[in-house]
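*Asks:* I'll drop the sequence and a predicted model, then ask my questions.
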Number of protein chains: 2
Amino acid sequence: MNRPAAYIFDLDGVVYHGNKVISGSGKTIEYIRASGSRVIFMTNNATLSRDSIALKLNDMDICCSAGDVISSAYAASVHIKEHYGPSTIFPIGGQGLVFELEEAGHTIAKQDVDFVVVGLDREFTYQKLTLGLDNIINGAKFIATNTDAMLPVENGFLPGAGSMVSALKTASGIEPEVIGKPHKPIMDVLLSKYSLKSEDCIMVGDRLETDILAGLTLGMHTILVLTGASGIKDIESSGIRPGCVMNSIADIISQVNS
Amino acid sequence: MNRPAAYIFDLDGVVYHGNKVISGSGKTIEYIRASGSRVIFMTNNATLSRDSIALKLNDMDICCSAGDVISSAYAASVHIKEHYGPSTIFPIGGQGLVFELEEAGHTIAKQDVDFVVVGLDREFTYQKLTLGLDNIINGAKFIATNTDAMLPVENGFLPGAGSMVSALKTASGIEPEVIGKPHKPIMDVLLSKYSLKSEDCIMVGDRLETDILAGLTLGMHTILVLTGASGIKDIESSGIRPGCVMNSIADIISQVNS
């Protein structure tokens, strides 16, 4: 391919593990930018605002701004704004979700809302579930930032947004519209925000069923890195075939140079 | 049929609605007992102990003791005791579940448990979900008291046990063993506790997919009453055919007399 217009990097398992940068991330990103391609960070994580994510990356000596980051919380906020206009929303999620929704011009409320938007919420309670159900029964649309089942952390695993989404899906009997990878809304926000054509992009991720599937569905070039969730064996069992497999983000340098 | 050995009554939607007795319940139950059949109350509700349920029924002038009640919390406690012996259990559920588990001789703990037992928990939190996931990842068996999606209450609906079960199922990727109707464990506990043969029982319920399906699966006689969840139209769409349909519990008197 010609020089790609943009490399889209997933974050956890690709650029860093939790709070620890993956060796070679900074250098690779500099190389890519020096070669003339844009670098965009794209995460299903809806708990942090784009500002907080950019801050975290800068702390790891990866230079970027909030404008280089697409999170599922941001994508949900933009998606709702573009398709329905400024709306009243009951969020089940962290501060990052609330921040992005307000930043996009939406109003946060507990009752009589247009949307219930569900992401990972470490302060999830039965009361929030009940409010979410009540709003959906009364006609609110049900949006999930993502459906990731669990989240690897230093000492094990935490339940992901998908588990909260399942609780509300079961209670209400309603299927949510899902924003995050591998679903279309987050990809539409990406392509539209940066005026990209998908065939000019390279999607780099550690999860076949989210990152790689999202890229393949849109006809992007895809690179699976083996520093995260999916291994070589998963390729066969999943039936999802990345264009390229690399040990880590650091191996991209040889490709950019070639 | 000959005189049935026992009538098995579901509670909410059959004997009462929330805290309001359904007209004719007390009289019907007296008639059935006078005719020589036993009356047993069987509920998927795992939030109350059998004592509390019996108290509630007595307050409605329906005479009974805890020994006449099978709840999914009680059935879970007995099922685990009979199949695995006294166990260490992390319960996600209300006081009734904790009471029944302890009453059966199990030990309640938060970590290093043999079982995670999930029912409706009005104090459900992300922390409990995380503890449940952690225990399941570390080898604890996953048991659901029931999978009822929601619960009708006076002013609308509350999320049911099924929504909490779904959250943990999604996070862990593990299917639970389900105790409550229409699943077999609660029916096994019923038949064994009262030394009943299923063909001698009449199952009376308001839900096709729990009460009636449970009865039909075991070859019981079944009566759908129309005072609760399922209506006549649901029979066709569900494909579950009750032996008999009655407007309410009161109509059973004519059958007992005939």
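*Replies:* Perfect, thanks for sending it.
*Asks:* now what about the one helix or strand A:Ile70 maps to, what contacts it?
*Replies:* A:Ile70 belongs to strand A:69-71 when assigned by DSSP states H and E. For strand A:69-71, the external contacting residues (Cβ atoms under 8 Å, 6 or more residues apart in numbering or on different chains) are A:40-46, A:48-50, A:53-54, A:96, A:100, A:186, A:189-190, A:193. Quick note: C-beta positions are derived from backbone N, CA and C, even for glycine.
*Asks:* mind listing what that strand pairs with, with the direction of each?
*Replies:* Using DSSP bridges, strand A:69-71 pairs in its sheet with strand A:38-43 (parallel).
*Asks:* next, the angle from the helix or strand just after the strand it pairs with to strand A:38-43.
*Replies:* Proceeding C-terminally, strand A:38-43 gives way to helix A:50-59 as the next helix or strand, assigned by DSSP H and E. Helix A:50-59 and strand A:38-43 are oriented at 120 degrees to each other (axes from the mean of the first three to the mean of the last three Cα atoms, to 10 degrees).
*Asks:* what's next to helix A:50-59, contact-wise?
*Replies:* A:11, A:15-16, A:19, A:41, A:43, A:45, A:48, A:63-71, A:74, A:96, A:99-100.
*Asks:* buried among those residues? Need that as a selection in PyMOL.
*Replies:* Only the buried entries of the contacts of helix A:50-59 go into this PyMOL selection, using 16 or more other Cβ atoms under 10 Å in any protein chain shown:
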select buried, chain A and resi 11+15+16+41+43+45+48+64+68+69+70+71+74+96+99+100
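*Asks:* my read: A:Arg241 touches A:Ile232, true?
*Replies:* No. Contact criterion Cβ atoms under 8 Å: A:Arg241 and A:Ile232 do not qualify, at 11.8 Å.
*Asks:* who has more neighbours, these two?
*Replies:* Set A:Arg241 next to A:Ile232 and count neighbours by other Cβ atoms under 10 Å in any protein chain shown: A:Arg241 wins out with 13 against 9.
*Asks:* which SSE is that one in?
*Replies:* Short version: A:Arg241 belongs to no helix or strand, going by DSSP H and E.
*Asks:* tell me the spacing between it and B:Arg122.
*Replies:* Plainly put, A:Arg241 is 47 Å away from B:Arg122 if you go by Cβ to Cβ, to the nearest Å.
*Asks:* again with A:Tyr16
*Replies:* A:Tyr16 sits 38 Å away from B:Arg122, going by Cβ to Cβ.
*Asks:* now A:Val175, what's its secondary structure?
*Replies:* Just so we're on the same page, residue A:175 is Glu rather than Val. Assigned by DSSP: H, G, I helix; E, B strand; the rest coil, the conformation of A:Glu175 is coil.
*Asks:* would you confirm that it contacts A:Val165?
*Replies:* No. With contact defined as Cβ under 8 Å, A:Glu175 does not count as touching A:Val165 (9.8 Å).
*Asks:* looking at the two, which one has more neighbours?
*Replies:* It is A:Val165, of A:Glu175 and A:Val165, that has more neighbours when counted by other Cβ under 10 Å, with 28 against 10.
*Asks:* in contact with the more buried one, which residues?
*Replies:* A:Val165 makes contact with A:Val118, A:Ala144, A:Thr147, A:Pro176, A:Val178, B:Thr170 under the criterion Cβ under 8 Å, 6+ apart.
*Asks:* can you rerun that using 6 Å?
*Replies:* A:Val118, A:Ala144, A:Thr147, A:Pro176 (Cβ atoms under 6 Å, 6 or more residues apart in numbering or on different chains).
*Asks:* next one: the residue nearest the centre of chain A from chain B, what distance?
*Replies:* Centroid check for chain A by Cα atoms, centre = their mean gives A:Asn44 as the closest residue, at 2.2 Å. Per Cβ to the nearest Cβ, to the nearest Å, A:Asn44 is found 15 Å from chain B.
*Asks:* can you check A:Ser237 too?
*Replies:* Relative to chain B, A:Ser237 is positioned 14 Å away (Cβ to the nearest Cβ).
*Asks:* please apply the same query to A:Ile29.
*Replies:* Using Cβ to the nearest Cβ, A:Ile29 is found at 32 Å from chain B.
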